[in-house]
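Visitor: sharing a model that was predicted from the sequence below.
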Amino acid sequence: MLIHISRSPDVVVDGKIVKENGREYWHDLPELSFWFMEYAMSVHSIESIDEGRTQMTWSEQARRFQVANRFGAILLNRIDPNLAPKVSRGFRQLALETIRDALEVSIESSAQIRRADIYVPAAAQWFLHASPQIWAFSRVKEGYEGEKIWKEWLGGSDGSKPRWVGDDGFSVERWMFWKKQLVEVLKVEERGGRVIDNIVSHARRAIKAMDDAEQGNTVRS
């Protein structure tokens with residue numbers, strides 16, 4: 001439906017295209033990526049959930065976040081960047097943020113593994129459903145256009161430290177770093193358990209999708 005809306009004729013009043021915050025109706029889908037980020041992509045901290053400050057369990061949040069990222073990845077895969085460049089850029093930014101939060105921190109301690117159960121399956125959605133786009137962004141070094149996040153906050157309070165020290169945008173080097181991190185994730189499989197099985201399964205599928213993108217194989221959403 002959103003793809004069809006983005007292809008609708010411009011809304012013109014008094015000879016001018018109607019805009020909202022600089023985005024034109026309809027091809028820019030005004031405010032979509034912003035509100036999607038605000039409501040669908042927000043993640044409560046481990047502490048907030050454990051202390052009962054939210055009405056959502058950890059597994060419920062993980063499921064919601066994964067579904068939201070799958071939706072975003074499918075939209076990024078199907079949206080025409082020439083017709084709706086601002087929509088493409090908005091969801092490209094969301095992809096970068098989720099992948100960064102999942103794969104640019106350590107995944108070793110119990111707290112880090114617990115956090116990874118939310119972020120790794122969610123990040124995997126971008127590779128499973130939009131790896132050709134992510135790979136293309138990486139090859140041309142598409143830049144990050146949102147506010148820079150202080151990297152010392154990455155990973156929250158689980159004790160992990162940021163492991164990527166390069167530029168904030170997409171690059172082949174960063175893509176390869178993500179893949180290396182996913183391979184590292186596979187090593188926690190020996191610990192066993194439902195949570196780890198879920199993380200490892202998504203990591204393995206994401207690696208396969210990245211390999212396919214590098215080889216030019218099409219990912220179908």
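Guide: Received it, and whenever you're ready, just let me know what you need. Numbering: from 1, shown residues only.
Visitor: what are the ranges of the helices in this protein?
Guide: 2-6, 32-35, 46-50, 58-78, 85-103, 110-139, 172-186, 194-214 (DSSP state H).
Visitor: distance to P162, mean neighbour count and mean pLDDT for those - can I get that in CSV?
Guide: Every residue, glycine included, has its C-beta placed from N, CA and C. Below are those laid out as CSV (distance: least, CB to CB, whole Å; neighbours: other CB atoms under 10 Å; pLDDT from 0 to 100):
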stretch, distance to P162, mean neighbour count, mean pLDDT
helix 2-6, 33, 14, 46
helix 32-35, 24, 16, 57
helix 46-50, 18, 14, 63
helix 58-78, 20, 19, 87
helix 85-103, 9, 22, 85
helix 110-139, 13, 23, 92
helix 172-186, 12, 18, 95
helix 194-214, 19, 19, 93
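Visitor: just send these back as CSV, with distance to K161 too.
Guide: Listed next are the helices of the chain as CSV, based on distance: least, CB to CB, whole Å:
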stretch, distance to K161
helix 2-6, 38
helix 32-35, 29
helix 46-50, 17
helix 58-78, 22
helix 85-103, 13
helix 110-139, 10
helix 172-186, 13
helix 194-214, 19
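Visitor: so which of the ones you listed is nearest R163?
Guide: R163 lies closest, by CB to CB, to one member of those: helix 172-186, at 7.4 Å.
Visitor: what residues does the closest one touch?
Guide: Residues outside helix 172-186 that contact it (CB atoms under 8 Å, 6 or more residues apart in numbering): 99, 103-104, 107, 116, 120, 134-135, 138-139, 163-164, 166-167, 199-200, 203-204, 206-207, 210.
Visitor: and the gap between M176 and L182?
Guide: To L182, M176 is 11 Å away according to CB to CB, to the nearest Å.
Visitor: with I118 instead?
Guide: With distances taken as CB to CB, I118 is found 16 Å from L182.
Visitor: equivalent analysis for A130, please.
Guide: 16 Å.
Visitor: just F170 next, same as before
Guide: From F170 across to L182, the span is 16 Å (CB to CB).
Visitor: now F127
Guide: Applying CB to CB to F127 and L182 gives a distance of 8 Å.
Visitor: hey, what's in contact with both of these two?
Guide: A206, M210.
Visitor: I'd assumed L128 was in contact with A206.
Guide: Yes - between A206 and L128 there is a contact at 6.4 Å, judged by CB atoms under 8 Å.
Visitor: now for these two: what residues contact both?
Guide: Joint contacts of A206 and L128 (CB under 8 Å, 6+ apart) do not exist.
Visitor: I'd assumed R78 was in contact with F91.
Guide: No - in this structure, F91 is not within contact of R78 by CB under 8 Å, at 10.5 Å.
Visitor: gap between the two ends of stretch 165-180?
Guide: Taking CA to CA, to the nearest Å, the first and last residues of stretch 165-180 lie 15 Å apart.
Visitor: and the pLDDT at Y25?
Guide: You'll see Y25 listed with a pLDDT of 48.
Visitor: who are the contact partners of H202?
Guide: So H202 contacts V120, P121, A124 (CB under 8 Å, 6+ apart).
Visitor: which one of these is nearest T57?
Guide: Of all the contacts of H202, P121 has the smallest distance to T57: 15.7 Å, by CB to CB.
Visitor: how close does the nearest residue to that closest one once chain neighbours are set aside get to A102?
Guide: In space, and not counting its chain neighbours, P121 is closest to H202: 4.2 Å by CB to CB, 6 or more residues apart in numbering. As judged by CB to CB, H202 and A102 stand 10 Å apart.
Visitor: alright, that wraps it up for me.
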